[in-house]
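A.B. asks: okay, here's the prediction I keep looking at, along with the sequence it came from:
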Amino acid sequence: GQIVKLADYRPTDFVLLGVDMTLRLFEGHTDVMTVLAFERREGVAIDAPLGLDGDGLILDSIALDGEILSPARYDATPDALVVRELPANGPFELRLENRIAPEENTELMGLYRSNGIWCTQCEAEGFRRITYFPDRPDVLAPYRVRIEAEKAVAPVLLSNGNPIETGELPEGRHYAVWDDPFKKPSYLFAVVAGDLDALHDSFVTTSGRTVALGVYTEKGRAPQAAYAMDALKRSMAWDERRFGREYDLDVFNVVAIADFNMGAMENKGLNVFNHKYVLLDQDLATDGDYAGVETVIAHEYFHNWTGNRITCRDWFQLCLKEGLTVYRDQEFSADERERTVQRIASVRRLKAHQFPEDQGPLQHPVRPAEYREINNFYTATVYDKGAEVVRMIATLLGETDFRAGMDLYFERHDGDAATIEDFIACFEEAGGLDLSQFSLWYAQAGTPTLTVTESWDPEQRQHTVSLRQSLARGAAGTGTEPMVVPVRFGLVGGNGEDRHAESEVSGAARLKGDLIVLSGGDATITFTGLSDRPYLSVLRDFSAPVMLDHEQSEAERLALGRLDPNLFNRWRALDDLIAEGLTLAARRPLGDGQPALKDAIVDALLATAGDDEIDPAFRAQALTLPAETDIARQLRDNVDPDRVHQVADAARAAIGTRGLASFERLSAERATTEPFSPDAASVGRRALANAALAYRCAATGDPAAALAQYQAASNMTDRLGALAILAHRFSGDDASRSALDDFYRRFEHDDLVLDKWFALQATAPTHDAVETVERLANHPRFTMRNPNRVRTVVGSFAAVNQVAFHRPDGAGYRWVADKLAALDRINPQIAARIATTFRAWRSFEPGRRAKLKETLRQISEIKGLSKDLKDIVDRSRK
Ligand code: DPP
Ligand code: ZN
């Protein structure tokens, strides 16, 4: 495949003035007619041809300003259309006709059918599978779209913008015309047609315009869209309040689709969603599902300004819309729910997904400089680290200046296809500061290490804090210059209050309130006038995406875990102690008789968990051990996933045993069946009770309490929480089998719930889960055609089930490779995503390392390997 480079960017030779499309939908095929108005850009050579992108297209006819073109004037291949001898001056019109087959589109890019519903996915390069087009994000134009279909099959016809006309056609057909006055790139184009139900509502914007809202679902499921609709209205109000952003069209529609590669897609005025992020019902959905719907609805809605009104100049700038929009949806969740708990969840996700990516062979900067396949860059680095970079800008500027910078960005770049440089310039102006060094965060890949050391001088009563940053060169080969690292901190006294102290800085840093802005390799800050030694609470709220190397005694960290007025760091003090304990234990040989966690640490955890004064959601977070993949990452090399799992499991049993009475109380309390509500407080109580139940069962080795909760549950969170314990801790036992069978019988009618049944079994941490997934893949309800189903069986097995995927005999690797070979022919994008689980091969002990390496080689030799999968495998092997 060809490498696309940021440095090669240049604008198109022709400016697109407008798009007029007609899609005639029939059973088995769709006829597409596209009229494109162009104008040669000033200064472009008279003989410059017009090149359009295609992907698997066959051109049926082409006319220029109404005249059929002779074949000498153009070259049409499936991948490109080149037209020569175009008018020197003034606009001209190209009229193209082609036929496509949405029914045969298994990649789910372009126009395809899902359960009989026609829908589109065009980001990043799907539009070229519908028609020849300058399919790149810097080509913006207004669109008019006419859809025709048989009325009985597709009574609902939707596209971007506002509806302007509908009417009847012969032979039971009808049509609708949609007009989108906002110039947009082709990746935001969308069409949906089918027999859909809808939930309707409206929203009055701050300037008094009424927007008609619709959430479309498969027949009979509209009531399940109620929470999505509520989240949408809250998102619209929040964006007005927080960022002054008002919605701009007369309608806003969301459509829930069963077969969808991504979570959702922010098409202008017509968001298309994976139905997993729309449909909810307390009997069918967990609290996590509710949170997912809220986040994704908000995220896609927020794209209307950060992504659509201001889009990206090229795909290298993907983080311009994604990092910023993730930052915005995280802020929304923080405002709507509980800030610290949301922050803990985001940091956990960053560490679980982005850190390993940034420290392995698929490493790339937040703004990559080159790619072979853009679909492979919708990554944790672009999204989540991209959001962290925006968060750091907000931290450095402070609330007022950050908002001023955002306002300037919206004002200056509305209607533009912008770059990171454009974005940064707005904050430089608003904050009156130079962000050129800061911008290295976009260009340098890798996770920096921040090393912090302290020394207390009892004579002088002064505390010296030294900070040092370092960045190792990784697979991306980008620079390792010192960056601007905002370090939020506090000096905590024994009374749990932040001390104020005089300070003096030496080295490359400055102090701004509770922020140390480190800008060079190292700096030292001396705090004076202290009565006694404070506890240093550093990197509060995870103010920069770095690995913190802070040598601090266990006693100090236990004190901060109790006292720190910054709740995030109170959580982290304990979490770090636990992670460190587990990492050390995993390095020791099996059965050395030493406990995984010291009693003092367990007691601190139990004190937090049992303290009814503390928010239950926070206590549940505290009880959630670091992910085994995160422990593996911290081990760095010679990882044995079985050992990591044994250590984590032993820790759970030890915590459960020591806190049994408390866990019995906490898990039983909530069995007093309070009525279901998805609000944050109720969610926190359920999370705590379910965590307590898991520890209780880990301690007793008895599934009875889980089985009782499974049977008595009045909502899916409690039911699934109990089932997860049965399926994982008691995998293979009668209690587990009968509960799984019961769950299947209860919910087999609902594919989204069935996914949970598949996922729980695929992730059971036992070696025989390899045989389980083989059985699941042969289950009549398994299909490679539904991305959610593939992700729950193959994807979660490979990404989550560290014990079975990494079974020492290599059977897990072989099974996944086998599935990837089949999947790649159907949906290469999903295959490539799942294949990223092989990337960490170097970090394992020699046996697994060799087998992983060999499996990667075998995958690379699959005949007809897609560009998507080949790109991941090639980069992973390096
Ligand atoms: N639809 C995906 C998202 O919103 C890609 N833009 O992140
Ligand atoms: Zn997005």
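C.D. replies: Sure, I can see it. Numbering: from 1, shown residues only. Ligands and ions are numbered 1, 2, ... in the order given.
A.B. asks: could you use CA atoms for every contact and neighbour count after this?
C.D. replies: OK.
A.B. asks: right, and residue 569 touches residue 561 too?
C.D. replies: Yes. With contact defined as C-alpha atoms under 8 Å, residue 569 counts as touching residue 561 (7.4 Å).
A.B. asks: ok, whatever residue of the stretch 651-800 of the chain ends up closest to ligand 1 - contacts?
C.D. replies: Proximity of the stretch 651-800 of the chain to ligand 1 (C-alpha to the nearest ligand atom) peaks at residue 787, 14.9 Å away. The contact partners of residue 787, taken as C-alpha atoms under 8 Å, 6 or more residues apart in numbering, are 259-261, 830.
A.B. asks: and which of the residues you listed is nearest to ligand 1?
C.D. replies: Compare each of the contacts of residue 787 with ligand 1 using C-alpha to the nearest ligand atom and the shortest gap goes to residue 261, at 9.3 Å.
A.B. asks: tell me if residue 192 really is in a strand.
C.D. replies: Yes. Checked against DSSP: H, G, I helix; E, B strand; the rest coil, residue 192 lies within a strand.
A.B. asks: what count of nearby residues applies to it?
C.D. replies: Using other C-alpha atoms under 10 Å, residue 192 has 24 neighbouring residues.
A.B. asks: what bridges to the one residue in the chain that gets nearest to ligand 1?
C.D. replies: Closest to ligand 1 within the chain is residue 265: 3.4 Å, counting by C-alpha to the nearest ligand atom. Here residue 265 sits in beta bridges with residue 272, as judged by DSSP bridges.
A.B. asks: so it touches residue 272, yeah?
C.D. replies: Yes. Using C-alpha under 8 Å, residue 265 is in contact with residue 272, at 5.2 Å.
A.B. asks: next SSE after the helix or strand that contains residue 503?
C.D. replies: Assigned by DSSP states H and E, residue 503 falls within strand 502-512. Reading on from strand 502-512 to the C-terminus, the next helix or strand found by DSSP H and E is strand 515-528.
A.B. asks: for that following strand, enumerate the helices and strands it packs against.
C.D. replies: For strand 515-528, the packing partners by 3 or more C-alpha pairs under 8 Å, 6 or more residues apart in numbering; DSSP states H and E come out as strand 462-470, strand 485-492, strand 502-512.
A.B. asks: that one - what's its average pLDDT?
C.D. replies: What strand 515-528 shows for mean pLDDT is 98.
A.B. asks: quick one: strands adjacent to that strand?
C.D. replies: Assessed with DSSP bridges, strand 515-528 is paired to strand 462-470 (antiparallel), strand 485-492 (antiparallel), strand 502-512 (antiparallel).
A.B. asks: partner strands of the helix or strand that that strand is followed by, parallel or antiparallel?
C.D. replies: Following strand 515-528 in sequence order, the next helix or strand is strand 535-538 (DSSP H and E). As defined by DSSP bridges, the strand partners of strand 535-538 come to strand 485-492 (antiparallel).
A.B. asks: average model confidence for the partner strand?
C.D. replies: According to the model, strand 485-492 has a mean pLDDT of 98.
A.B. asks: which residues touch the closest residue to residue 150 other than its chain neighbours?
C.D. replies: Closest residue to residue 150 apart from its sequence neighbours, by C-alpha to C-alpha, 6 or more residues apart in numbering: residue 173 at 4.1 Å. By C-alpha under 8 Å, 6+ apart, the contact list for residue 173 reads 148-151.
A.B. asks: what's the spacing between the residue located most distally from the centre of the chain and residue 532?
C.D. replies: Farthest-out residue of the chain from its mean C-alpha position, per C-alpha atoms, centre = their mean: residue 459, at 51.1 Å. Residue 459 is 10 Å from residue 532, where distance means C-alpha to C-alpha, to the nearest Å.
A.B. asks: with residue 827 instead?
C.D. replies: From residue 827 to residue 532 the distance is 63 Å (C-alpha to C-alpha).
A.B. asks: now swap in residue 525 and tell me
C.D. replies: 17 Å.
A.B. asks: can you check residue 331 too?
C.D. replies: Counting by C-alpha to C-alpha, the separation of residue 331 from residue 532 is 37 Å.
A.B. asks: looking at those two, which is more packed in?
C.D. replies: residue 331 (18 against 14).
A.B. asks: now that one: which helix or strand?
C.D. replies: helix 318-336.
A.B. asks: what is the following helix or strand past that helix packed up against?
C.D. replies: Later in the chain than helix 318-336, the nearest helix or strand by DSSP H and E is helix 339-349. In this structure, helix 339-349 makes packing contacts with helix 318-336, helix 567-587, helix 616-623, judged by 3+ C-alpha pairs under 8 Å, 6+ apart.
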